[in-house]
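Participant: 3D model of this:
(one chain, ligands or ions: 1)
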Amino acid sequence: MLQIYGTDLSSPANKVRFVANFIGLKYDYIKVNLRAGEQQKPEFLRLHPAGKVPVINDDGFIVFESNAIIKYLALKNNSPLYPKDIKEQAIVDQWIDFGSHHVGLAMSKVVYNRLFAPMRNVSIDEQSLKDGLAFLDRFLPVVDNQLGKNKFITGNKLTLADINLLAVFDPAEVSNIDLTKYKNITQWRNSLRKESFYTKCHQEYGDALAALKK
Ligand SMILES: N[C@@H](CCC(=O)N[C@@H](CS)C(=O)NCC(=O)O)C(=O)O
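Facilitator: Numbering: from 1, shown residues only. Okay, the predicted model is just below:
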């Protein structure tokens, strides 16, 4: 059976579970305790040489990097989440890359400094936080504008580009990032977060954080 290695506070790992749930795949979810350093154990480094989640093991076929994994799962299962037409696929790739390399990178600077650094008693990098917030101010209107044109990010069909961004935005509230001023993002996000592919993982990202603090 498909194995997904992840952890509840990892947006890239949750993204893989959202996609697997959407497609309707059966899988074992194997939690890797990053705080305990399990990702650096030799057996895990055999799956991911840099010791990161997510990784999948699909009957002996190992893949890491969440975007590579979700494309593999969608293609293998003939899912409309990743269209086969090369032009449609290029547009989905375009928004996946924009979502990860621009919005995701900006989010991660803020999330790291406001959520993970305090959790680990590590000092905050004020410049990195400032950069992250400035990039969000620049890129979020682009996403909001795009979502004002269509129901989903690339058109009228849900694709991997939406699920990628949904995962990227997941830690917004717990990191004090106000998305409510972006009306289209908020509407799109609220409706996707009601879907079972999402609620099978959590009601919201804050659940995973609350569970950790228990
Ligand atoms: N670009 C990677 C990001 C993977 C990543 O950074 N994972 C983090 C958790 S969100 C991790 O495993 N960190 C553990 C470590 O670096 O030791 C992806 O999309 O899969």
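
Participant: what does the protein put close to the ligand?
Facilitator: For the chain, the residues in contact with the ligand (CB under 6 Å from any ligand atom) are 10, 12, 34, 39, 51, 52, 53, 54, 65, 66. From N, CA and C alone the C-beta is placed, and that goes for glycine too.

Participant: just the residues you listed: which has the poorest pLDDT?
Facilitator: When the residues of the chain next to the ligand are sorted by pLDDT, the bottom entry is residue 34 at 93.

Participant: which residues does the closest residue in space to that residue that isn't next to it in sequence contact?
Facilitator: Among residues not flanking residue 34 along the chain, residue 7 sits closest, at 5.6 Å (CB to CB, 6 or more residues apart in numbering). By CB atoms under 8 Å, 6 or more residues apart in numbering, residue 7 lies in contact with 13, 31, 32, 33, 34, 53.

Participant: do residue 77 as well
Facilitator: Contacts of residue 77 (CB under 8 Å, 6+ apart): 23, 25.

Participant: for it, give me the pLDDT.
Facilitator: For residue 77, the model assigns a pLDDT of 98.

Participant: ok, it to the ligand distance?
Facilitator: For residue 77, the distance to the ligand equals 20 Å [CB to the nearest ligand atom, to the nearest Å].

Participant: now the most far-flung residue of the chain relative to its centre: how far from residue 48?
Facilitator: Centroid-distance maximum for the chain: residue 42 at 26.0 Å, with CA atoms, centre = their mean. Distance of residue 42 to residue 48, given as CB to CB, to the nearest Å: 12 Å.

Participant: equivalent analysis for residue 147, please.
Facilitator: Separation of residue 147 from residue 48 (CB to CB): 33 Å.

Participant: neighbour count for these two, which is higher?
Facilitator: residue 147 (21 against 18; other CB atoms under 10 Å).
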